[in-house]
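# based on what follows, work out the 3D shape:
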Amino acid sequence: MRIAYCIHSLHLFGGIERVLSIKANYLADVYGYDIHIITADLKGRATHFALSDKITLHDVGVSEKFMLHAYGRRLNKILCEIRPDICVSVGGRDIFCLPSCTDGSIKVSEFHFSHDKYAVKYGGSFFGNIYARFRMRQIEKVAAKLDKFIVLTKSDKKDWEPFVPNVTSIYNPLTFKSEEVAALDNEKCIAIGRLESQKNFRDLVAAWKYVAEEYPDWVLEIYGNGSLKKSLQKQITSLGLDLQVRLMGSSSDIRSKMLDSSCLVMSSAYEGFPMVLLEAVETGLPMVSYDCPKGPAEIIIDGKSGYLVKPGDVEGLARRVCDVISDAGRRKEFGAMAKKTAAQYSIDRIMEQWKTLFEGLMAGQGENPVYYA
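Numbers count the residues shown, from 1 in each chain. Predicted coordinates for the structure are as follows:
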């Protein structure tokens with residue numbers, strides 16, 4: 001089977017890039033599929049994540065973010081040369097070009113954000129709500145034209161179904177395996193993500209002011225880089241938290257950082273399916289997270305492997321972190337339960353679901369089964 005994936009670029013250090021690299025390598029090396037990855041704007045730069053030497057890279061050379069029509073023409077030319085059986089968008093603006101491509105392949109898209117993304121990001125005002133609905137309606141219309149539209153959670157699938165009848169859901173896989181689990185005895189919590197508004201670290205820093213008053217010896221390490229680094233550091237300093245909250249920059253070995261921590265905290269405004277929670281599960285970390293759309297409620301078993309907190313409830317977030325800090329026995333119980341749930345996200349299990357979906361599409365299956373775990 002020949003499969004072509006479309007993505008903006010692969011030189012970036014991001015969750016979508018990481019997940020695509022893992023899945024593409026598996027399809028090429030384990031299933032023996034002929035995998036092609038078409039980037040819009042790689043421009044000869046090295047890929048951040050290692051790719052199998054069995055994978056063929058192509059670059060359109062035009063950004064779909066700014067020159068969509070030119071991108072679409074060049075993408076169609078490349079697809080007509082490759083002649084893939086299936087072409088997959090991973091949720092960029094290339095999705096708008098797929099229905100008009102003439103290569104004859106089955107057209108599929110993965111959407112790595114929730115249906116609520118634009119409402120959460122832009123909503124809250126009259127004009128913001130109008131704009132958010134406009135952006136989402138664009139995606140709904142093009143998604144309905146594709147042969148299959150894949151989202152990341154069961155709850156998000158329900159949100160899409162009224163608009164996109166060909167939607168199904170498949171979880172993202174774990175990005176690493178870890179036989180070792182966190183000892184959970186270090187006075188340290190960890191948070192991971194780009195320092196951008198989506199991750200909402202301002203709330204987490206504000207919550208830590210309450211945590212530090214109760215447990216001044218505990219520290220929060222935030223891993224990631226982004227445009228809000230200076231403003232977050234200013235907030236940390238203004239709250240007198242320079243000794244308790246540390247901006248650590250990015251790390252190429254998040255697994256070891258998690259194993260050295262005792263709790264993962266997430267304060268995102270919205271997600272698709274947060275990989276950091278999967279990684280916390282695999283390393284046996286208890287979790288405290290805003291119950292944002294979408295993903296946390298399908299990974300965290302509230303009160304058993306961690307805590308879910310109403311988005312925006314800064315004091316509630318702090319209180320639940322303190323609950324984890326205050327009770328070593330609870331941390332151990334939560335961590336053990338988290339690790340028990342990790343198997344459902346294994347790469348072998350998730351990729352078997354993708355194989356079933358691809359083979360079903362190739363066979364012209366009229367009604368595909370549900371693929372989520």
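
# element containing residue 241, please.
Element membership for residue 241, per DSSP states H and E: none, as it lies in no helix or strand.

# scratch that, residue 58 is what I was asking about
Secondary structure assignment for residue 58, by DSSP H and E: strand 56-59.

# how about residue 335?
Going by DSSP H and E, residue 335 is part of helix 328-340.

# rewinding a little: buried ones in the strand holding residue 58?
58-59 (16 or more other CB atoms under 10 Å). In short, each C-beta sits where N, CA and C put it, glycine included.

# what sits up against it?
Residues from elsewhere that reach strand 56-59 (CB atoms under 8 Å, 6 or more residues apart in numbering): 10, 34-44, 47, 51, 78, 82.

# drop anything exposed from those.
Using 16+ other CB under 10 Å, the buried ones in the contacts of strand 56-59 are 10, 34-42, 47, 51, 78, 82.

# what pairs with the strand holding residue 58, parallel or antiparallel?
strand 34-39 (parallel) (DSSP bridges).

# list the buried residues in stretch 185-203.
188-195, 198-201, 203.

# for the helix or strand just after the strand holding residue 58, packing partners?
For strand 56-59, the succeeding helix or strand toward the C-terminus, using DSSP H and E, is helix 68-82. With contacts taken as 3 or more CB pairs under 8 Å, 6 or more residues apart in numbering; DSSP states H and E, helix 68-82 sits against strand 2-7, strand 34-39.

# ok, the buried ones among the contacts of strand 56-59 vs residue 123, which is closest?
Nearest to residue 123 among the buried ones among the contacts of strand 56-59: residue 40, at 28.5 Å, using CB to CB.

# I figured the closest one hits residue 72, correct?
No: under the criterion of CB atoms under 8 Å, residue 40 is not in contact with residue 72, lying 10.6 Å apart.

# now do the shared contacts for the two.
residue 64.

# ok, residues contacting the host helix or strand of residue 356?
For residue 356, the host element (DSSP H and E) is helix 347-362. Residues from elsewhere that reach helix 347-362 (CB under 8 Å, 6+ apart): 1, 3, 22-23, 26-27, 30-31, 85-86, 106, 108, 147-148, 150, 168, 170-174, 343, 368-369, 371-373.

# again, but for stretch 96-106
4, 6, 64, 68, 71-72, 75-76, 79-80, 82-87, 89, 107, 109, 138, 142, 145-148, 361-362.

# may I see the PyMOL selection of the buried members of the residues you listed?
A single PyMOL command selects the buried members of these (16+ other CB under 10 Å):
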select buried, resi 4+6+64+68+71+72+75+76+79+82+84+85+86+87+89+107+109+142+145+146+148+361
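
# got a list of what residue 181 touches?
Each residue near residue 181 by CB under 8 Å, 6+ apart is listed here: 259, 283-284, 335, 339.

# chain center to stretch 55-69: distance?
22 Å (CA atoms, centre = their mean, to the nearest Å).

# gap between the two ends of that stretch?
Its first and final residues considered, stretch 55-69 spans 27 Å by CA to CA, to the nearest Å.

# what mean pLDDT does that stretch get?
Across stretch 55-69, pLDDT averages out at 93.

# which of the residues in stretch 354-368 are buried?
Buried residues in stretch 354-368 (16+ other CB under 10 Å): 354-355, 357-358, 360-361.

# what do you get for stretch 5-19?
Residues 5-12, 14-19 are the ones in stretch 5-19 that count as buried (16+ other CB under 10 Å).

# give me the lowest-pLDDT entry from the residues you listed.
Lowest pLDDT within these is found at residue 14 (76).

# so what's it up against?
Counted by CB under 8 Å, 6+ apart, residue 14 has contacts residue 194.

# contact partners for the closest residue to residue 337 other than its chain neighbours?
Closest residue to residue 337 apart from its sequence neighbours, by CB to CB, 6 or more residues apart in numbering: residue 305 at 4.2 Å. The contact partners of residue 305, taken as CB under 8 Å, 6+ apart, are 281, 286-287, 334-335, 337-338, 341.

# could you look up the SS state of residue 107?
strand (DSSP: H, G, I helix; E, B strand; the rest coil).

# what pairs with it across the strands?
The partner residues for residue 107, given DSSP bridges, come to residue 87.
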